[in-house]
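Asker: Next comes the sequence, and after it the predicted model I'd like to discuss.
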Amino acid sequence: MTSLLRSLFSYPLLARELTERAVRRRTYAGRVAYGVVLYAMFLFALHRVIGIAAGDPSGLSVLGVGRDLFSDLVVMQCWGVFIFQPALMAGVITYEKERESLSLLLLTGMSPMKMLVEKLLSGLLPMATLLLLALPLGAITMAYGGVSPQLLAAGSCVVLSAWLQAGAFALLCSAWCRTTVGAMLCSYLVGAVVFLAPAVAYSLGVRYVLWGADVHGFEIPSWLWAHWPPEAFSRILEEQGNAVSVLADKSTALWPRLFSTTWEHCSPLIGTAGVCWLLARLVLMRRAFAPARTRRVEKIAHTTVKWFRSFRPAHVDLPKDDPVAWRESGRGVLGRRGRFAYLTLILGALTLAMSFFLLSIYPHTEAPQRLHNFALVLGTTAVLVLVVRSVGVLLSERSNQTLNILLTTPLGAAEFLREKARALGRYVLLFGLLLGVVFALQGWSEFQYLRSNMLWQALGQYWLCAGFVLLVYPPLIIWISLFFALRLRVQSKAIITALCVFAVWFIAPFATLQFTMPDWRDQPSGLWLSLLSPLGILDANEHDSLGRFSVEYVKSGRFVTGIGEPWAPVFSNFLGYGALALGVRTLCLRKAEQWLRK
């Protein structure tokens, strides 16, 4: 009996997983990053809400804004769960498959059900430590008023339901997929499709209702957003407001009413988590030893590219031309010319289709903003991939213990580093093509729907500025990443440092200007200061502010006209960042011999 209880209440696999996570530096780095982002976003939300309520000179209008702040906090927590939980959960089973240790776990006598329970807990508990960081922020929202204990309980239930839902779905993807990368991509992409599928289908077939948009007073069916936690919480807020107005004199009846409302909107989320967990148990043994195989889409694309290449055989570069670049390109994801061609074709077609879909959604005047958000996602992905690949192509030689061998060749350290950077050209070309499609359609939508006085000359100026971004910024990102790789010599440390530097560099100038000079877009000094961020010129281009950097006012009768010089900020920005990229490149090449052999 004692041994039976010990086997039921002992969790050796969970203890091992938590111990391994506790000794990793990235665990604590992730907690710090999550806390910094959460508190920064909450400060922005607090500044916005208080700024709206600051019009009352008595200051009484600030009271009661805690409800809006708490709503923003719940949405932030839900998005934090969607972003961080799949990354924490997706590798719990695929990691065992990749190490080929899953069969050893099964030989221990541990049942698959108990194994899944421990794996689920090992992925959920680290996320719980991140969610607890919001407790002080919840106390701040209650201090501003408008947040009742009932509302606090309802928001906590929604966040917990989203936590279980995302964790169980990521566990299912980990049980199904063969690799950790595949499980992570499946968790993010397939999860977005599954949870938003009813709303997307309804938007395409009947009426646009994405993101809870209420078009001309049209009532949105509640079942469309049954699996989307932020919208579920907004409906709880709405129904709680109605309950308070009806039961104003019966406060004791609010708890059962709110409990039933919260359970009504959280039960689909919890039900989804339960179904995903049962499916994970179903596919665990069936997919435990499934071999990795080529997908049908990849086979079709490979056959198509092979047919096209039969008309023009590919030129085979010899290793003597650029041996290091040839070696690096041949073993990369985009190494072979055929794979690079069909991946570029597929991703370009998907980007074009997604852009046209965003253009077709009603109202059309919001199309530039939607394309801006899409470009922001693509740009963030491009920066992440370029940083990881730039650091990886250099420091992988050190981890594989092949760096010393390569440095004994007649090439020299500078030429070795130059060819390593040249091998990343295909990633630059791929993301340049994808972002170029989005920028081109974004400029056209600005010309078509928003700027009625926009001439073809202004449209050309818009496209020219976006083109300079794609020409100047990728080499800057690559060489700064290589600089950190040369100096730090540890792959994880170099990647995290480079990403943190780019995040602060891109965002900090805007945050500082927003707090110190709220109307900085209307002042030339604020616009020039915004160029301290590489995104400053893109912001000025999208807000039609290029002519406001240097303005001369001309009086004509009773009218005053502002005449600016839009070329001045464009060329100043790109000449400055181009010179910075060239300077970092020169420094890396001159110090390559010293830093690589250190």
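Answerer: Received the coordinates, thanks.
Asker: Show the average pLDDT along whichever strand or helix holds residue 28.
Answerer: Element membership for residue 28 (DSSP states H and E) is helix 25-53. Averaged across helix 25-53, the pLDDT comes to 79.
Asker: so what does that helix touch, helix or strand wise?
Answerer: Other helices and strands packing on helix 25-53, by 3 or more Cβ pairs under 8 Å, 6 or more residues apart in numbering; DSSP states H and E, are helix 66-89, helix 112-131, helix 135-143, helix 491-516. In this view, the C-beta of every residue, glycine as well, is placed from N, C-alpha and C.
Asker: got a list of contacts for the host helix or strand of residue 105?
Answerer: In the assignment (DSSP H and E), residue 105 maps to helix 102-107. Contact partners of helix 102-107, identified using Cβ atoms under 8 Å, 6 or more residues apart in numbering, comprise 13, 93, 96, 112, 115, 288, 289.
Asker: Are any of those residues buried, and if so which?
Answerer: Applying 16 or more other Cβ atoms under 10 Å to these, the neighbour count classes 13, 93, 96, 112, 115, 288 as buried.
Asker: which residues sit in contact with the second one?
Answerer: Right, the one you point to is residue 93. Residue 93 neighbours (Cβ under 8 Å, 6+ apart): 102, 119, 171, 174, 175, 183, 284.
Asker: where does it land in three-state SS?
Answerer: Classification of residue 93 by DSSP: H, G, I helix; E, B strand; the rest coil places it in helix.
Asker: how far away is it from residue 183?
Answerer: Remark: distance between residue 93 and residue 183 (Cβ to Cβ, to the nearest Å) = 8 Å.
Asker: which stretches of the stretch 51-200 of the chain have low pLDDT?
Answerer: Where the stretch 51-200 of the chain drops to pLDDT under 70, the residues are 51-64, 199-200.
Asker: How about the stretch 301-450 of the chain?
Answerer: 301-339, 342, 362-364, 399-400, 402-410, 448-450.
Asker: What are the buried residues along stretch 89-98?
Answerer: Buried residues in stretch 89-98, counted by 16+ other Cβ under 10 Å: 89, 90, 91, 92, 93, 94, 95, 96, 97.
Asker: ditto for stretch 75-83
Answerer: Applying 16+ other Cβ under 10 Å to stretch 75-83 flags 75, 76, 77, 78, 80, 81, 82 as buried.
Asker: Quick one: residues contacting the first one.
Answerer: Residues in contact with residue 75, defined by Cβ under 8 Å, 6+ apart, are 230, 233.
Asker: What is the burial count for residue 25?
Answerer: Neighbour count of residue 25, defined by other Cβ atoms under 10 Å: 10.
Asker: Confirm for me that it is in contact with residue 492.
Answerer: Yes - contact criterion Cβ atoms under 8 Å: residue 25 and residue 492 qualify, at 7.4 Å.
Asker: Tell me how far residue 590 lies from residue 413.
Answerer: Using Cβ to Cβ, one gets 10 Å for the distance from residue 590 to residue 413.
Asker: out of these two, which sits in the busier spot?
Answerer: residue 413 (20 against 11).
Asker: so who does that one touch?
Answerer: Residue 413 is in contact with 407, 592, 593, 596, 597, counting by Cβ under 8 Å, 6+ apart.
Asker: same deal with residue 387?
Answerer: Contact analysis of residue 387 by Cβ under 8 Å, 6+ apart lists 477, 481, 495, 498, 499, 502.
Asker: quick one: which of the residues you listed has the most company?
Answerer: Counting neighbours by other Cβ under 10 Å, residue 481 comes out on top of the contacts of residue 387 with 30 neighbours.
Asker: Which neighbouring elements make contact with the helix or strand where it lies?
Answerer: Assigned by DSSP H and E, residue 481 belongs to helix 456-488. For helix 456-488, the packing partners by 3+ Cβ pairs under 8 Å, 6+ apart come out as helix 367-399, helix 413-422, helix 425-445, helix 491-516, helix 536-542, helix 567-596.
Asker: hang on, the earlier thing: buried ones in the helix holding residue 105, by neighbour count?
Answerer: Neighbour-count burial for helix 102-107 flags 102, 105, 106 (criterion: 16+ other Cβ under 10 Å).
Asker: about what we covered before: so what sits against both of residue 93 and residue 183?
Answerer: Common neighbours of residue 93 and residue 183, counting by Cβ under 8 Å, 6+ apart, are residue 174.
Asker: from the buried residues of stretch 75-83, which single one is nearest residue 123?
Answerer: For the buried residues of stretch 75-83, the minimum distance to residue 123 (Cβ to Cβ) is 11.8 Å, reached by residue 81.
Asker: thinking that closest one is in contact with residue 169, fair?
Answerer: No - counting by Cβ under 8 Å, residue 81 stays clear of residue 169, with 11.1 Å between them.
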